[in-house]
Each structure stands twice: as C-alpha cells, then as structure tokens.
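Trainee: What follows is a predicted structure for the sequence shown.
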Amino acid sequence: MLYNLNIEDVLFLDIETVPQHPTFEENTEGFQKLWDKKSTYFRTDEQDAAEVYERAGIYAEFGRVICISAGFVTQKMGERFFRVKSFYDDNEKKLLSSFNDMLNKFTAHPGKCLCAHNGQEFDYPYIARRSLINGLRLPRILDIAGMKPWDIKDKLMDTLQLWKFGDYKNFTSLSLLCAAFNIPTPKDDIDGSQVASVYYKENNLDRIIRYCEKDTLAVANLLLRYKGENIIPMENMEVV
C-alpha cells in the first residue's frame, strides 16, 4: 500500500499540548482531586499530585492544545518541498476552529488522508476530544464513530503503527526512528517534556511553533523513508 500512496495526498501534522494551568494549585478543587486520582497510576509513593502536574498536558481532560503544525509535500521543477502552516493561539477554541476548517477543506477532495507519529493514540483523539470540550463540531475525517478499523487506518495514518508491523508491545520515538533511518534533525530543538515550561515560564510560544514545524517535516521524511524515497532537506521547508 505504501508504495502506491501518493505522498502529495497526505497532510502531515504534529501537536503541542500543555496542562490547563501553569500550576496544580490553580485548578479548581474538583479538578485537583481528579488529577490526584488520575496521577496515582504513574507517580511514585514519594510524589504528590502537584509534583507530576506537568504531565497533565498529555491528557485531553486536563490539558489543552497550544500549537498544531500541518504540512504537505509539493513539487517545483522536479524537486520536492514541504509547505507547513502552524495554528497557534492562547485561545484554544479559536486555534481548533481555524485548524478544523482547514482540515475539512483539505479532506474534501477524494483520497486525502492524515499522517502523524503516534497519531492514533495521541494527536487525532486529542484534537477530537478538545474540539468537543470546546463545543466545536468534529472535522469530518475525525468523526470515526461506526467506521471499520481498516477504513480508519487508511484515513488516519500513523508512522508508529506502520513501524510496529503488528507488534503491540513496541513503542519507538520519532527521534529514534529518525536516527535509525539517518534523517537529519536540527540540534536546536527543545525536548517535548520542556514544552510546558517554555510556554508558561519562558512565555516563548514561537520556540514551540518552530519545534512543532520541524517535527512535522520529520514525520513526512519518515514516511518517505518507509516508501524507499529520498527525504526533503530542511532548507526545502516553506513556512506559510
């Protein structure tokens, strides 16, 4: 299937998320209790709920989206380029509304699909859940209720799932796969675990946006490697 896939029909995306509030104490009492209960599954006996609150950003019920980068492959004079646009706003509802509108327009054409790394377990459901929480209609491609699993995989591609080859135990990070496939990655990137700190403490959303855009290109290059094709160099990334 991969060898027959038209890479220009794929919209690649990556999202960045943070906890709802800068600190645990800024949550309502009700949400503090709920996070205390949720975090018991992964925190140590020596840690309390406040100490692990930075991890709240990975759960759609306790976090929010601050940036979505989406890009696609295009050609000019026989050379491939990657055009990427980022959706970002401190107002999550405005961000998601703009992104969902774009997503509906892109996928209105037959054969279009999405691709993200670990998208089926994180990016796609997170966008869908936060859209509903914000009172927004789901984008058509994420409205998957009643769909067959094989139809979902065709529309919502996942470079992690493709790499598993049926191995349910395996999790491989994007950075590790880029290293394995010799895909160059910039050395100035922040680590994903630092996003909340950069957002709330440094107030540097621009830094997060650049990081998100580069990860989106990395996902595109990984899929190109899966197809046995040449990658797109960083200098061929065009930010819209």
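Mentor: Thanks, I have the structure now. Numbers count the residues shown, from 1 in each chain.
Trainee: Now the helix or strand residue 12 falls within: average pLDDT?
Mentor: Secondary structure from DSSP states H and E places residue 12 in strand 10-19. For strand 10-19, the mean pLDDT works out to 97.
Trainee: Just the CA coordinates for that strand, please, in CSV.
Mentor: Provided in CSV are the C-alpha atoms of strand 10-19 (Å, rounded to 0.1, in the frame of the first residue of the first chain):
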residue,chain,number,x,y,z
VAL,A,10,-1.1,13.2,2.8
LEU,A,11,-1.4,16.0,5.3
PHE,A,12,1.2,15.6,8.0
LEU,A,13,0.7,17.0,11.4
ASP,A,14,2.0,17.4,14.9
ILE,A,15,0.5,18.9,18.0
GLU,A,16,1.9,20.5,21.2
THR,A,17,0.0,20.5,24.4
VAL,A,18,0.3,21.8,27.9
PRO,A,19,-1.6,21.5,31.2
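Trainee: and that strand, which strands flank it?
Mentor: With DSSP bridges as the test, strand 10-19 is paired with strand 63-76 (antiparallel), strand 113-116 (parallel).
Trainee: how about TSV for these, with mean pLDDT added?
Mentor: TSV is the format used below for the strands paired with strand 10-19 (pLDDT from 0 to 100):
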stretch	mean pLDDT
strand 63-76	97
strand 113-116	97
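Trainee: right, and these - which one's nearest residue 193?
Mentor: Ranking those by their distance to residue 193 (criterion: Cβ to Cβ) puts strand 63-76 first, at 13.6 Å. In this view, the C-beta of every residue, glycine as well, is placed from N, C-alpha and C.
Trainee: if we can go back for a sec, got CSV for the strands paired with strand 10-19, with distance to residue 221 too?
Mentor: Shown next, in CSV, are the strands paired with strand 10-19 (distance: least, Cβ to Cβ, whole Å):
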stretch, distance to residue 221
strand 63-76, 10
strand 113-116, 11
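Trainee: May I see the buried residues of the strand holding residue 12?
Mentor: Within strand 10-19, the residues that count as buried by 16 or more other Cβ atoms under 10 Å are 10-19.
Trainee: Just the pLDDT at residue 111, thanks.
Mentor: So residue 111 comes in at 90 (pLDDT).
Trainee: can you dump the C-alpha coordinates of the worst-scoring helix or strand of the chain on mean pLDDT into CSV?
Mentor: Lowest on mean pLDDT, DSSP states H and E among the helices and strands of the chain sits helix 149-155, with a mean of 77. Extracted in CSV, the C-alpha atoms of helix 149-155 (Å, rounded to 0.1, in the frame of the first residue of the first chain):
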residue,chain,number,x,y,z
PRO,A,149,-10.8,-0.3,11.7
TRP,A,150,-9.2,-0.7,8.3
ASP,A,151,-11.0,2.4,7.0
ILE,A,152,-9.7,4.4,9.9
LYS,A,153,-6.1,3.3,9.3
ASP,A,154,-6.4,4.4,5.6
LYS,A,155,-7.6,7.9,6.6
